[in-house]
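>>> from the sequence below, what's the structure:
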Amino acid sequence: MKSVSLSSIPIVRQEPIDESRLDQRDNLEGCGTLSDGDLAHFRDQARRLASSKRAVVATFGGLAFGDIALVPAPFLKHPRGIRDITEWYIATANRKEYVHAILSGQCEIALFAYRAGSCPPSTSTLKARSIRF
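Predicted structure coming up:
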(Lines give C-alpha, C1' and ligand atoms only; values in the text may rest on other atoms or scores of the structure.)
Protein backbone atom coordinates (compact mmCIF):
# COMPACT_ATOMS: atom_id res chain seq x y z
CA MET A 1 0.00 0.00 0.00
CA LYS A 2 1.57 3.27 -1.04
CA SER A 3 1.71 6.35 1.13
CA VAL A 4 1.32 9.72 -0.55
CA SER A 5 1.31 13.17 1.00
CA LEU A 6 2.26 16.38 -0.69
CA SER A 7 2.11 18.32 2.56
CA SER A 8 2.12 17.00 6.11
CA ILE A 9 1.36 20.40 7.62
CA PRO A 10 -2.21 21.59 7.05
CA ILE A 11 -1.27 24.99 5.67
CA VAL A 12 -3.95 26.98 3.89
CA ARG A 13 -3.60 26.17 0.20
CA GLN A 14 -6.82 27.51 -1.24
CA GLU A 15 -7.55 30.34 -3.57
CA PRO A 16 -9.88 33.12 -2.38
CA ILE A 17 -13.44 31.80 -2.32
CA ASP A 18 -15.60 32.85 -5.26
CA GLU A 19 -19.21 32.19 -4.18
CA SER A 20 -20.37 31.95 -7.80
CA ARG A 21 -17.90 29.12 -8.53
CA LEU A 22 -18.25 26.96 -5.41
CA ASP A 23 -18.83 23.36 -6.45
CA GLN A 24 -19.23 20.62 -3.83
CA ARG A 25 -17.52 18.15 -6.17
CA ASP A 26 -14.27 20.04 -5.55
CA ASN A 27 -14.35 19.02 -1.90
CA LEU A 28 -15.01 15.42 -2.93
CA GLU A 29 -11.70 15.17 -4.80
CA GLY A 30 -9.68 12.48 -3.11
CA CYS A 31 -12.77 10.66 -1.80
CA GLY A 32 -13.35 7.27 -3.31
CA THR A 33 -13.33 3.56 -2.86
CA LEU A 34 -10.36 1.45 -1.87
CA SER A 35 -8.28 -0.25 -4.52
CA ASP A 36 -8.16 -4.03 -4.74
CA GLY A 37 -4.59 -3.85 -3.44
CA ASP A 38 -5.63 -1.82 -0.40
CA LEU A 39 -8.48 -4.23 0.32
CA ALA A 40 -6.15 -7.21 0.05
CA HIS A 41 -3.74 -5.52 2.45
CA PHE A 42 -6.47 -4.89 5.05
CA ARG A 43 -7.84 -8.43 4.69
CA ASP A 44 -4.37 -9.93 5.12
CA GLN A 45 -3.65 -7.79 8.17
CA ALA A 46 -7.05 -8.59 9.75
CA ARG A 47 -6.45 -12.32 9.29
CA ARG A 48 -2.89 -12.07 10.61
CA LEU A 49 -3.92 -10.09 13.69
CA ALA A 50 -7.07 -12.09 14.49
CA SER A 51 -5.03 -14.60 16.50
CA SER A 52 -3.07 -11.92 18.34
CA LYS A 53 -3.34 -11.63 22.11
CA ARG A 54 -3.38 -7.87 21.75
CA ALA A 55 -6.20 -5.47 21.01
CA VAL A 56 -6.17 -3.74 17.66
CA VAL A 57 -7.76 -0.34 17.23
CA ALA A 58 -7.61 0.98 13.70
CA THR A 59 -9.10 3.36 11.23
CA PHE A 60 -8.53 3.49 7.53
CA GLY A 61 -7.01 6.72 6.31
CA GLY A 62 -9.23 8.87 4.15
CA LEU A 63 -12.40 6.96 4.92
CA ALA A 64 -13.67 8.86 7.95
CA PHE A 65 -17.03 10.44 7.19
CA GLY A 66 -16.80 14.22 7.58
CA ASP A 67 -13.20 14.02 8.85
CA ILE A 68 -11.86 17.57 9.38
CA ALA A 69 -8.32 16.29 8.77
CA LEU A 70 -9.27 15.72 5.12
CA VAL A 71 -10.48 19.29 4.53
CA PRO A 72 -6.99 20.75 3.77
CA ALA A 73 -6.39 17.79 1.38
CA PRO A 74 -2.63 17.47 1.94
CA PHE A 75 -2.70 14.51 -0.47
CA LEU A 76 -3.83 16.69 -3.42
CA LYS A 77 -1.40 18.77 -5.45
CA HIS A 78 -3.92 21.55 -6.19
CA PRO A 79 -6.88 21.24 -3.82
CA ARG A 80 -10.03 23.07 -4.87
CA GLY A 81 -13.10 24.02 -2.88
CA ILE A 82 -13.09 25.08 0.76
CA ARG A 83 -9.78 23.82 2.18
CA ASP A 84 -9.10 26.25 5.01
CA ILE A 85 -10.23 24.61 8.27
CA THR A 86 -11.44 27.92 9.73
CA GLU A 87 -13.39 28.65 6.55
CA TRP A 88 -14.84 25.14 6.67
CA TYR A 89 -16.21 25.65 10.18
CA ILE A 90 -17.66 29.00 9.10
CA ALA A 91 -19.26 27.23 6.12
CA THR A 92 -21.11 24.87 8.47
CA ALA A 93 -23.00 27.96 9.69
CA ASN A 94 -23.35 30.14 6.59
CA ARG A 95 -23.12 27.65 3.68
CA LYS A 96 -25.17 24.80 5.11
CA GLU A 97 -26.48 23.59 1.75
CA TYR A 98 -22.94 23.43 0.36
CA VAL A 99 -21.66 21.43 3.35
CA HIS A 100 -24.72 19.17 3.23
CA ALA A 101 -24.04 18.46 -0.45
CA ILE A 102 -20.44 17.48 0.35
CA LEU A 103 -21.44 15.17 3.20
CA SER A 104 -24.18 13.67 1.01
CA GLY A 105 -21.56 13.04 -1.67
CA GLN A 106 -19.29 11.31 0.86
CA CYS A 107 -22.26 9.19 1.94
CA GLU A 108 -23.03 8.21 -1.66
CA ILE A 109 -19.39 7.19 -2.22
CA ALA A 110 -19.39 5.14 1.01
CA LEU A 111 -22.67 3.40 0.10
CA PHE A 112 -21.35 2.64 -3.38
CA ALA A 113 -18.19 1.14 -1.87
CA TYR A 114 -20.21 -0.89 0.62
CA ARG A 115 -22.53 -2.27 -2.06
CA ALA A 116 -19.59 -3.04 -4.34
CA GLY A 117 -17.82 -4.89 -1.54
CA SER A 118 -14.85 -2.51 -1.56
CA CYS A 119 -14.91 -1.70 2.15
CA PRO A 120 -12.30 -2.82 4.68
CA PRO A 121 -13.06 -6.03 6.57
CA SER A 122 -15.41 -5.31 9.43
CA THR A 123 -14.26 -5.84 12.98
CA SER A 124 -17.37 -7.98 13.35
CA THR A 125 -15.60 -10.61 11.25
CA LEU A 126 -12.96 -10.97 13.96
CA LYS A 127 -13.52 -13.02 17.09
CA ALA A 128 -14.37 -10.88 20.11
CA ARG A 129 -12.32 -11.72 23.20
CA SER A 130 -12.26 -10.24 26.65
CA ILE A 131 -9.25 -8.10 27.40
CA ARG A 132 -7.45 -8.14 30.74
CA PHE A 133 -5.66 -5.05 31.97
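>>> report the buried residues of the top helix by length along the chain.
Across the chain, the longest stretch assigned as helix under DSSP state H is helix 96-116. If you call a residue buried by 16 or more other CB atoms under 10 Å, then helix 96-116 has these buried ones: 98-99, 101-102, 106, 109, 113. (C-beta placed from N, C-alpha, C; glycine too.)
>>> quick check: A110 vs A46, distance?
19 Å (CB to CB, to the nearest Å).
>>> what helix or strand does K53 sit in?
Under the assignment given by DSSP states H and E, K53 is not contained in any helix or strand.
>>> what pLDDT is listed against it?
For K53, the pLDDT comes out at 84.
>>> circling back to that earlier point, would a markdown table of the buried residues of helix 96-116 with distance to V56 and pLDDT be doable?
Formatted as a markdown table, those follow (distance: CB to CB, whole Å; pLDDT from 0 to 100):
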| residue | distance to V56 | pLDDT |
| --- | --- | --- |
| Y98 | 37 | 94 |
| V99 | 33 | 94 |
| A101 | 35 | 93 |
| I102 | 31 | 92 |
| Q106 | 25 | 86 |
| I109 | 26 | 82 |
| A113 | 22 | 75 |
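>>> return the member of those residues nearest to A73.
Set against A73, the nearest of those by CB to CB is I102 (12.3 Å).
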